[in-house]
Structure formats: C-alpha cells, structure tokens
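A.B. asks: fold the following, please.
(chains A and B)
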Amino acid sequence: MKKFVNKVEEILTESLSGFQKAHPDIIKVNFSPDFIYRAKKPAVDKVSLISGGGSGHEPLHGGFVGHGMLDAACPGQVFSAPTPDQMEAAASKVHNGKGILFIVKNYSGDIMNFEMGADMIDFDHETILVNDDVAVEDSTFTTGRRGVAGTMIVEKTVGSLAETGASLEECKLFGDHVNNVTASMGVAFTSCTVPAAGKPTFEIGAEEMEFGVGIHGEPGRKREKIKTANEITNDIISTIIEDLKPNKNQEVLMHVNGFGGTPLMELYLLFDVGQKILEKEGIKVSHSLVGNYTTSLDMAGASFSITKLDEKITQHWESAVHTAALRWKI
Amino acid sequence: MDSENIFLALKNIKKTIDLNKDEIEKLDQAIGDGDHIFNIQRGLNEALKLEHELSNLSPEEVFKKIGMKIMTTVGGSSGALFATLLMGMSKKYSKESNDLENLAAMFYEGVEATKKRGKADIGEKTMLDVLIPVSLSLTELKNEKNIQTVAEKIKMVAEEGMLSTKDIMATKGRASFLGERAIGHIDPGARSSQLAINAICDEYIK
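C.D. replies: Below you'll find the predicted structure:
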C-alpha cells in the first residue's frame, strides 16, 4: 500500500485537522465526537441539515458544509457509519430553531446509527434516505438501492431550500422528491484500498471492470471485459434512462463523478459521450457537474448521476453555495 | 456474574477474534466492504480499557457502560447492533437469579432489541442467524445444572447458525445488494458472533 500515512489509526483525525486549517473561513471541526460545522452561524432561522457517513468519500460530506448546503457533517471511520453521539453532538451544536433534517445514504449501518442519534435528541427531526443507485435491484425484501453520488445533489438543492427559511416538512418532501428523480450508476477499473486493510478490497484483472460498482468497492451487477468509453457510457445511461423514464425534451442535470483514481480529462470525455447519447434520446443536458465529489478512496472509475429538472430543482441547484468543495455565485 | 468474569469473557473474545481476523476480513470483502474486523477490534480494545474503571460495578452497569463505549467508538452496522445487544442485556439482570437464568433472560432481551434495531429476523444472512438460536437455546437450558453441558450445546447451536448463512441470499445489510452473488459465502457478522460465543463457551468446557 502506498499512501500518505503516519499512523493508520490517526488518518481521520489528521485529515480533519488539515481540513479545518485549509478552510477556516467556511468550516470548523469538533473532535471527539467528530463533526464538521459551519464557521459562521446562519443569519436566518432555518432547518439544520446534517449528513454523514463513513469517511473515504471526500469531499462528501464535510466538503459540502457551508452556506447553501449542509450545516454539519459527521464523518465515521473509513467506510464505516459514524456513531450516534456524533449526530447528537452535531444536532445540539447547529440546531437553529426549525428542526433537524438528517440526510442519510441508504446503508443499514448509516440508518441505524442515525436513528440512534435521533433518539438522543429532543428537537423536531426528519430523515431523507437517499437511494439513487440503479445498479442494484430495489425490492421490498432487501435493504434496497444504495445511496451514491446523487446524495450531493439532494444536499445542494435541499440546502438551498432550507436557506429560504422553508419548514422542516417542506425540506423533507423536497428532498424525497429530488431523490426520486435522481438516478446514478458507476463502473470501476480498479479496487480501492482501505488504509487499515493495507490491501485492495477486491481483485480485478487488468482487462476487467466492475459494472455497477458501489462507492465502497462493493460488487455491482457484473464483472465484464473492459469496453470503450462510448460502450460503457451507453450501458450506464440506458440503465439510468430505464429507471428515470424521462419525457422527450426533458431537461436534466448530468453529474459525472470520479471515484478518486480517474483523471479529470477522462471525466470530461465521459461528459461529452453522455451528453451526445442523451441528445440523441431528445433529452437536454442543461446543467452539469464534473469532478471527484463522491469518491471511493483511490478507486479508478466513475459514475453518472442524472436528475430530471423542474423549475424548483433548477432554482435550488443554481442558487449560491459556499462550501469547501462547491462554490458559486458567492 | 461480576465485572471480573465479564472482562474475562471479553478477553477471551478478543483472543479468538484476533486469531481469526484474516478470515473475518476475507468474508467481509467477499460480500461486504471489509470494515467489519477493524470495527470489532476497535470496539474490543476500547471496551477492555474500561476494566479498572468498572471493576466495582454491578453487572447491569458493566454491560451498559461497555455497550455505550461500543456505541460511541465502533460505528458501522456492527457498532450499532452489538451496542444495542449489550445495552439490551443490561436491562434484565436480577440479583435474585442465578447466572444461567440471568444470562438467558439478559440475552433474550438483548437479541430482541437487536432484531428491532436491525429490522431483521432469522434467515436473512446476518448475525441474528447465530444470536436468535443461541438465545432460544439458552432459554431452554436455563435450569440445566451442568454448565459444561450448556456450553457444549450453545457452542453447537452457534456453529449451526453461522453455517446456515452460507447458502442463503441476504435480505438485510450490505450483502443484500448482491442478490444471488452472496450465496456460498458465510456472513461475516454471523462468523464473528459465533466466534465470540465460542470463546465464552470454551471457558466452561474442560
């Protein structure tokens, strides 16, 4: 394993310490229990958005704390859900009179720990479960679809709505709606290496790819021989379209997300291919985001997330945001 | 039942888990994401640090404090579930009961709380495939006089439960995303739970 490490058990603490020093104008970090929160208290009474999850997906979620997005983020150990005391402490710190909205990716560990955290607080609270990954079957008999790169789209748009002073119920409904019109799917060329493990999570041949991979290197739909960017994008986009069933002339946001080990040059290439495929289908990519936003440590690969836009989602996607990882109009 | 033998059990669990860590990690990498072993080891290490602090406390306090520690230091599914198990157990200790009666009642309560927390039951390829049969057997055996008989039976039940996870699909937890691809793999949470129960039983089998 070649990683920048001093002591493997100190990685998270040292990384959070650096994060705090790099963005003192935007965030602060509380240690033990660990959570990241806004450096400046919001000027208005608003619903407080708290997300979190295992570390290793940076900038998700800490990089999205700031004006227009999250109020706090609770980082767990690498790929492990955070603990309930982190959520309790974060909620107590950022609570601002209008309730707490937890944004949780649909994994059992995250759900249980957020539930236990919610049990510990006295404020009004709601939870949005994000499950945008169309690679795995959704069924009432399973845990259901995974939450992946579409989570940040929920965080951005609901974060913007919360800034307007919207109620907890309104924010929760809007978040569920954005989740429902967002679908994602990814492909991996290499495994990630969890620092504590010191070796790759899965074996994969030099000529192979994992189609429908999860953001923790979990297996996806199938193991395949590597194909061209056109073919891979076509397979992904057609699966997403099958799920979203967009109308002709539908405007969409297309987010090409890198998993950490793929250069931006290739991500933009994917954006080009994806845009052309959608154009042929009569779907208009009116908004875009390309980059490493929901990573899987050092995994090479990428995912597409597509959100069907309406006036309200568009407005809240375009609005001002000022976080470590996403900044515009401010 | 006192603080000393609760910590003895914890030390035995740690020994067994450490010995089998590569296997647990491999099982988790096959159908999970590979964090289970590190979470368990972190939890055990943190819990063992409490030995002196808890040495004079009653069993219910010891279980509760260890549960809280695991809840706040482990994370992931296993942290939430093992913490719920231990904190559930702490609620049913009675001074009037003997050790086996206590263990049966406490474990039953803990397992029920764990089922509720995980919204899962037997046959879903999780640690509950070990914990539920063990809980039922403990209840059946709570009047047994020979502790070695109990330990041998529980050990067998735990092993059967663990092995039963191999040939079924997962409907809960990370492995459920895999559908049929999870068949043929033992659930790592079931394996670590079985190893822990094994370690406790072995103390009473001569």
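A.B. asks: please make it C-alpha for all contacts and neighbour counts, starting now.
C.D. replies: Will do.
A.B. asks: what's the closest non-adjacent residue to the spatially most distant residue from the centre of chain B?
C.D. replies: Farthest-out residue of chain B from its mean C-alpha position, per CA atoms, centre = their mean: B:Glu180, at 26.2 Å. Nearest residue to B:Glu180 in three dimensions, chain neighbours excluded: B:Met169, at 5.9 Å (CA to CA, 6 or more residues apart in numbering or on different chains).
A.B. asks: residues in contact with the one you found?
C.D. replies: B:124-125, B:176, B:179-183 (CA atoms under 8 Å, 6 or more residues apart in numbering or on different chains).
A.B. asks: quick one, helices of the chain?
C.D. replies: Just going to use chain A. Secondary structure of chain A (DSSP state H): helices at A:11-22, A:84-94, A:108-119, A:151-163, A:168-180, A:229-244, A:264-280, A:311-318.
A.B. asks: should've been chain B
C.D. replies: Under DSSP H, chain B gives helices at B:3-19, B:21-31, B:36-48, B:59-73, B:76-90, B:99-118, B:128-140, B:147-164, B:188-202.
A.B. asks: who touches the longest one?
C.D. replies: Right, the one you point to is helix B:99-118. Contacts of helix B:99-118 (CA under 8 Å, 6+ apart): A:108, A:112, B:1, B:81-82, B:84-94, B:121, B:128, B:131-132, B:135-136, B:138-139, B:142-143.
A.B. asks: now the buried members of those.
C.D. replies: When those are checked for burial by 16 or more other CA atoms under 10 Å in any protein chain shown, the buried set is A:108, A:112, B:81-82, B:84-94, B:121, B:128, B:131-132, B:135-136, B:138-139, B:142.
A.B. asks: picking up where we left off before, most packed of the helices of chain B?
C.D. replies: helix B:76-90 (a mean of 27; mean count of other CA atoms under 10 Å in any protein chain shown).
A.B. asks: off-centre distance for stretch A:163-172?
C.D. replies: 20 Å (CA atoms, centre = their mean, to the nearest Å).
A.B. asks: got any ranges where chain A has weak pLDDT?
C.D. replies: A:137-142 (pLDDT under 70).
A.B. asks: returning to that earlier point: just the helices of chain A: most buried one?
C.D. replies: helix A:151-163 comes out most buried of the helices of chain A by mean count of other CA under 10 Å, with a mean of 26.
A.B. asks: could you name the helices and strands sitting against that one?
C.D. replies: If contacts are counted by 3 or more CA pairs under 8 Å, 6 or more residues apart in numbering or on different chains; DSSP states H and E, helix A:151-163 sits against helix A:168-180, helix A:311-318.
A.B. asks: let's see that with 6 Å instead.
C.D. replies: Counting contacts by 3 or more CA pairs under 6 Å, 6 or more residues apart in numbering or on different chains; DSSP states H and E, helix A:151-163 packs against helix A:311-318.
A.B. asks: lowest average confidence, helix or strand, in chain B?
C.D. replies: The helix or strand of chain B with the poorest confidence is helix B:21-31; it has a mean of 91 (mean pLDDT, DSSP states H and E).
A.B. asks: okay, the angle between it and helix B:188-202?
C.D. replies: 150 degrees (axes from the mean of the first three to the mean of the last three CA atoms, to 10 degrees).
A.B. asks: okay, the angle between helix B:21-31 and helix B:36-48?
C.D. replies: Using the same axes, to 10 degrees: helix B:21-31 against helix B:36-48 is 130 degrees.
A.B. asks: contacts for helix B:21-31?
C.D. replies: For helix B:21-31, contacts defined as CA atoms under 6 Å, 6 or more residues apart in numbering or on different chains pick out A:201, B:34, B:37, B:175, B:182, B:188.
A.B. asks: and the two most separated of those residues?
C.D. replies: Using CA to CA, the contacts of helix B:21-31 span at most 18.6 Å, a distance reached by B:Ile37 and B:Ala182.
A.B. asks: just give the closest residue to the closest residue to chain B within chain A, not the sequence neighbours.
C.D. replies: Chain B sits closest to A:Gly109 of chain A, with a gap of 3.7 Å, by CA to the nearest CA. Closest residue to A:Gly109 apart from its sequence neighbours, by CA to CA, 6+ apart: B:Ser77 at 3.7 Å.
A.B. asks: tell me, how many residues neighbour A:Lys3?
C.D. replies: Per other CA atoms under 10 Å in any protein chain shown, the neighbour tally for A:Lys3 reads 10.
A.B. asks: residues near A:Glu10, how many?
C.D. replies: Number of residues near A:Glu10 (other CA under 10 Å) recorded here: 10.
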